[in-house]
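Novice: A predicted structure for the sequence below; I have some questions about it.
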Amino acid sequence: MELKLPLVLFCLCALAITSTEAAIPKCCIRTKNHIPLQMLRKVQRWSMQSGGRACDISALLLHVKDMRTPVCAHPKVLGILKKVRQQTIRNKQK
């Protein structure tokens, strides 16, 4: 009986700490304007970070093969990325 109360309090504290960490968004602080072509070819997926809410700036998050963290690129890089992907598809069809 005496051990139940400290165990319950410990579990509640652990839950509070883990839920607080999950609520903090990971935002890009600055963006790169120039992304090497070789890196753009290795992009597996991308997502947009919108500025004004939890994050201060808008950014294009590039998830690159063999890289642990996404690359923060300027949103204008999306147009270049789409062209690179189209070229890659065309080259595979030939």
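Specialist: That came through fine.

Novice: which residues in the protein form helices?
Specialist: Listed in chain order, the helices of the chain (DSSP state H) span 4-23, 37-41, 77-93.

Novice: tell me which of these lies nearest to residue 57.
Specialist: helix 77-93 (13.7 Å; C-beta to C-beta). The C-beta positions use only the backbone N, C-alpha and C, and glycine is treated the same way.

Novice: give me the contacts around that closest one.
Specialist: Here helix 77-93 makes contact (C-beta atoms under 8 Å, 6 or more residues apart in numbering) with 32-33, 35, 37, 40-41, 43, 46, 48, 60, 62.

Novice: tell me which two in these are the farthest apart.
Specialist: Taking C-beta to C-beta as the measure, the contacts of helix 77-93 span a maximum distance of 21.3 Å, between 37 and 48.

Novice: ok, back up a step: how about the helices of the chain in JSON lines, adding mean pLDDT?
Specialist: Shown next, in JSON lines, are the helices of the chain (pLDDT from 0 to 100):
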{"stretch": "helix 4-23", "mean pLDDT": "69"}
{"stretch": "helix 37-41", "mean pLDDT": "94"}
{"stretch": "helix 77-93", "mean pLDDT": "91"}
